[in-house]
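Asker: The sequence isn't on hand, but the structure is:
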């Protein structure tokens, strides 16, 4: 016995087939010759061959291609879902955050996030990276994550590090591989990498990228602004956000933390070490960026520890100071990281050097100084303009009034004829350190202390 629906005759076509004489004769040979070709490319080729073919046929053709591939197409790749063993694997990757429009101190922050995740419990850690993907960024972010977690998994998986290897010669790539292997060996982790271009092999963290970026975007909208006063403030914002995500799976994280490997007694190096020579220009060039240093270091060879966001400088084994790391322009133009206090003494002897100085715009500590120099050049002769600007920078340095002086310059720039009066400014930001009185302290003779001790001994007796 058959159901009523089974007794109905199959319904035939009610309108002519628009692909009759085309699909089997032309489309199928294209699909067999190039299995990966997109349906839209096939349709564009058909319209080139048959101009009379209407645009409305595209959806019909796409459905028919999809059905043909399901029945006669090539085998497709299969993703095998995995059972994640506690304490076994941690994964690292970078994700670009430039499209979120984050601004720090009024400047758009072009940055990435280093992202670490445990595959079993879902513990996450994120670290703001200012440069591109590099070994330094990976080493710093990974170690921060492990020490925040309190243990290390038995295996660490990253991508192929192709971005870090870019523009390196064979010896440099081999050195980078050795350093990455040594980093994993320090924490007793087995280093593994997914195949280049196969994102789903790192799927446990690739999918988490999207969730993290969505959470950051939502948090910025809830905050009402993507502007931050400084970089540490933005980093605290990311840390708090990730901490809230981890708090939702505290029990799973605690359970996995119990089976992690113990950490070593100390961190290993998460920097590159480079030797540089300080030239007669009062600085050194590293990675296409010129950095100024105090002129007393001219002719010395310095040891630089290169981090993602800073440079630590050493003279031999003696630490000197830390500089903010600069980046070369995307066009290949050299960058400059300049501290006017390093060269102001030389500019006072040669003020005209300011006129055509290569790093003149980077020399000014604040925007008000640069704009005031432009006005000085408009109103005064070049020599007087340079001398006045150097005097302003000297005043900012010697009287430690850089911010206050910038506010005064802003008020002068707000008026059409405002010009700085150096005598009035020196009086306003008095006193001059050279005019401070000399204080002479007379020390009491040691015999006076002996008299006090004798009196104390008599009282004790």
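Answerer: Good, I have the coordinates. The structure presented is a predicted model; accordingly, all values stated were derived computationally and were not measured. Numbers count the residues shown, from 1 in each chain.
Asker: can you list the residues that contact whichever strand or helix holds residue 212?
Answerer: In this assignment (DSSP states H and E), residue 212 forms part of helix 203-223. Contact with helix 203-223 is made by 79, 84, 89, 91-93, 95, 97, 100, 102, 113, 115-117, 119, 122, 124, 126, 199-200, 226, 237-238, 241-242, 245, as judged by CB atoms under 8 Å, 6 or more residues apart in numbering. Any C-beta I mention is one placed from the backbone N, CA and C, and that applies to glycine too.
Asker: Stretch 400-408 now?
Answerer: 365, 366, 368, 369, 392, 395, 396, 399, 420, 425, 428, 429.
Asker: how about a cut-off of 6 Å?
Answerer: The contact list for stretch 400-408 (CB atoms under 6 Å, 6 or more residues apart in numbering) reads 365, 366, 368, 396, 429.
Asker: Would you mark the buried spots in that stretch?
Answerer: 401, 402, 405, 406, 408 (16 or more other CB atoms under 10 Å).
Asker: now do stretch 329-340
Answerer: Quick answer for stretch 329-340 (16+ other CB under 10 Å): 335, 336, 337, 338, 339, 340.
Asker: give me phi/psi at the second one?
Answerer: With angles defined as degrees, to the nearest 10, residue 336 shows backbone torsions of phi -140, psi 130.
Asker: Contact partners for it?
Answerer: Going by CB under 6 Å, 6+ apart, residue 336 touches 290, 359, 362.
Asker: what's the distance between the nearest residue in space to residue 228 that is not next to it in sequence and residue 378?
Answerer: Nearest non-adjacent residue to residue 228, counting by CB to CB, 6 or more residues apart in numbering: residue 234, 4.3 Å away. Per CB to CB, to the nearest Å, residue 234 is found 38 Å from residue 378.
Asker: Now for the residue nearest in space to the middle of the chain: which residues touch it?
Answerer: Nearest to the mean C-alpha position of the chain, by CA atoms, centre = their mean, lies residue 130 at 1.8 Å. Taking CB under 6 Å, 6+ apart, we find residue 130 in contact with 111, 308, 309.
Asker: Mind giving me the packing neighbours of the host helix or strand of residue 343?
Answerer: Using DSSP H and E, the element containing residue 343 is helix 340-349. Using 3 or more CB pairs under 6 Å, 6 or more residues apart in numbering; DSSP states H and E, the elements in contact with helix 340-349 are helix 382-398.
Asker: the inter-axis angle of the helix it packs on versus helix 340-349?
Answerer: For helix 382-398 against helix 340-349, the angle by axes from the mean of the first three to the mean of the last three CA atoms, to 10 degrees is 140 degrees.
Asker: Pull out the buried positions in helix 382-398.
Answerer: Residues 385-397 are the ones in helix 382-398 that count as buried (16+ other CB under 10 Å).
Asker: pretty sure residue 58 contacts residue 43?
Answerer: Yes. Using CB atoms under 6 Å, residue 58 is in contact with residue 43, at 5.1 Å.
Asker: Among the contacts of stretch 400-408, find the lowest-pLDDT one for me.
Answerer: Least confident entry in these, by pLDDT: residue 429, with 87.
Asker: would you say residue 64 is within a helix?
Answerer: Yes. Assessed by DSSP: H, G, I helix; E, B strand; the rest coil, residue 64 belongs to a helix.
Asker: residues near it, how many?
Answerer: As a burial measure, residue 64 scores 16 neighbours (other CB atoms under 10 Å).
Asker: Grab the nearest non-local neighbour of it.
Answerer: residue 23 (6.2 Å).
Asker: With residue 96 instead?
Answerer: Spatially, and ignoring its direct neighbours in sequence, residue 96 is nearest to residue 112 (5.4 Å; CB to CB, 6+ apart).
Asker: Look up which residues are beta-bridged to the one you found.
Answerer: Beta bridges link residue 112 to residue 96, residue 129, judged by DSSP bridges.
Asker: could you check the distance from it over to residue 158?
Answerer: Residue 112 is 14 Å from residue 158, where distance means CB to CB.
Asker: With residue 86 instead?
Answerer: Applying CB to CB, the value for residue 86 to residue 158 is 20 Å.
Asker: Below-threshold pLDDT in the stretch 201-350 of the chain: ranges please.
Answerer: In the predicted model, the stretch 201-350 of the chain carries pLDDT under 70 at residues 201-205.
Asker: ranges for the helices of it?
Answerer: All helices of the stretch 201-350 of the chain, identified by DSSP state H, counting those that start in this stretch, fall at 203-223, 231-247, 250-257, 340-349.
Asker: what inclination does the longest one have with respect to helix 231-247?
Answerer: Angle of helix 203-223 versus helix 231-247, following the same axes, to 10 degrees, is 120 degrees.
Asker: now swap in the last one and tell me
Answerer: The directions of helix 340-349 and helix 231-247 differ by 170 degrees, with the same axes, to 10 degrees as the criterion.
Asker: Off-centre distance for helix 340-349?
Answerer: Relative to its chain's centre, helix 340-349 lies at 32 Å (CA atoms, centre = their mean, to the nearest Å).
Asker: Show me which positions of that helix end up buried.
Answerer: Buried residues in helix 340-349, counted by 16+ other CB under 10 Å: 340, 341, 342, 343, 344, 347.
Asker: OK, contacts around the closest residue to the fourth one other than its chain neighbours?
Answerer: By the measure of CB to CB, 6+ apart, the closest residue to residue 343 outside its immediate chain neighbours is residue 282, 5.4 Å from it. In this structure, residue 282 makes contact with 292, 295, 343, judged by CB under 6 Å, 6+ apart.
Asker: same thing but 7 Å
Answerer: 292, 293, 295, 298, 342, 343 (CB atoms under 7 Å, 6 or more residues apart in numbering).
Asker: I'd like the distance between the fifth one and residue 279.
Answerer: It stands for residue 342. Counting by CB to CB, the gap from residue 342 to residue 279 is 13 Å.
Asker: What mean pLDDT does stretch 401-420 get?
Answerer: 92.
Asker: hang on, the earlier thing: list just the nearest of the buried residues of helix 340-349 to residue 140.
Answerer: Distance to residue 140 across those (CB to CB) is lowest for residue 342, with 27.1 Å.
Asker: got the contact list for stretch 71-89?
Answerer: Contacts of stretch 71-89 (CB under 7 Å, 6+ apart): 35, 119, 120, 153, 154, 155, 157, 200, 255, 256, 259, 260.
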